[in-house]
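In: predicted model follows, preceded by the sequence.
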2 protein chains.
Amino acid sequence: MLEKTTRINYLFDFYQALLTPKQRNYMDLYYLEDYSLGEISETFTVSRQAVYDNIRRTEAMLENYEEKLRLYDKFLGRQKLLHDLAEVVEVDNHPQVLQIIKDLKELD
Amino acid sequence: MLEKTTRINYLFDFYQALLTPKQRNYMDLYYLEDYSLGEISETFTVSRQAVYDNIRRTEAMLENYEEKLRLYDKFLGRQKLLHDLAEVVEVDNHPQVLQIIKDLKELD
């Protein structure tokens, strides 16, 4: 469950710009603010089932975007390569390289 | 015009997975295979105007995806940083770093 939550958090981070405001709201409260389904349904005065369905559909959309664009997958690949790079270059002695690695990470 | 074509080619590359098969077909023929609007309209037996409208709408969709996800913009940023990295490290003397840069570019 924790693993799924982490994955959905990342996917939400990468693809949230493609979601509707309502989808973003529900996902934000459920995954980032740790609201329960019941609390979200009270906040928006809709049924618990409606919130549940919306969140499950949004999760499926996020996975569908990931299947097509692979942003999370590529992000993980880059993280690994930048980690290797820092080791190979002995980055503590090369502040310029350290800065470039930092800048590359910030682009993700 | 050439600049616009280059940009659309890149955007198509990044976001084509989000287009419909028909959109992909028209864009592929027009931008990659250099078909004219007339040739595409003959190939699919639709009006030239319909092809034109579809391609313009698809271009707008690509720009809209770029505005939301900034994949092309980030790609350009990474290209520049990897170029700087290659110079800073004097990469010709460091085959391991050269390989990591190559692998990072292939992830884009």
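Out: Ah, there it is.
In: and the pLDDT for residue A:27?
Out: Model confidence at residue A:27, given as pLDDT, is 97.
In: which helix or strand contains it?
Out: helix A:21-27 (DSSP states H and E).
In: now for the next helix-or-strand element following that helix, which elements pack on it?
Out: Tracing the chain past helix A:21-27, the next element assigned as helix or strand by DSSP H and E is helix A:37-43. If contacts are counted by 3 or more Cβ pairs under 8 Å, 6 or more residues apart in numbering or on different chains; DSSP states H and E, helix A:37-43 sits against helix A:48-69. To be clear about C-beta, it is placed using only N, CA and C from the backbone, and glycine gets the same treatment.
In: how about the residue located most distally from the centre of chain A, what does it touch?
Out: Computed with Cα atoms, centre = their mean, the residue of chain A farthest from its C-alpha average is residue A:93, at 32.8 Å. Counting by Cβ atoms under 8 Å, 6 or more residues apart in numbering or on different chains, residue A:93 makes contact with nothing.
In: pLDDT value on it, please?
Out: Reported pLDDT for residue A:93: 81.
In: roughly how far apart are it and chain B?
Out: According to Cβ to the nearest Cβ, to the nearest Å, residue A:93 stands 12 Å off from chain B.
In: low-confidence ranges, chain A, go.
Out: A:1 (pLDDT under 70).
In: show me what from it comes close to chain B.
Out: A:15, A:17-18, A:65, A:68-69, A:71, A:74, A:77-78, A:81-82, A:84-85, A:88-89, A:94, A:96-97, A:100, A:103-104, A:107-108 (Cβ under 8 Å from any Cβ of the partner chain).
In: of the residues you listed, grab the buried ones for ChimeraX.
Out: Selection of buried members from those for ChimeraX, criterion 16 or more other Cβ atoms under 10 Å in any protein chain shown:
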select /A:15,18,65,69,71,74,78,81,82,85,89,97,100,104,108
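In: among the residues of chain A next to chain B, which are in strands?
Out: Residues of those located in strands (DSSP state E): none.
In: okay, domains of chain A per the record?
Out: Using automatic domain parsing, the domain parsing of chain A gives A:2-69, A:73-107.
In: need those in JSON lines with distance to residue B:10, can you?
Out: As requested, the domains of chain A are exported to JSON lines (distance: least, Cβ to Cβ, whole Å):
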{"stretch": "domain A:2-69", "distance to residue B:10": "14"}
{"stretch": "domain A:73-107", "distance to residue B:10": "16"}
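In: quick one, which of those is nearest to residue B:40?
Out: domain A:2-69 (24.5 Å; Cβ to Cβ).
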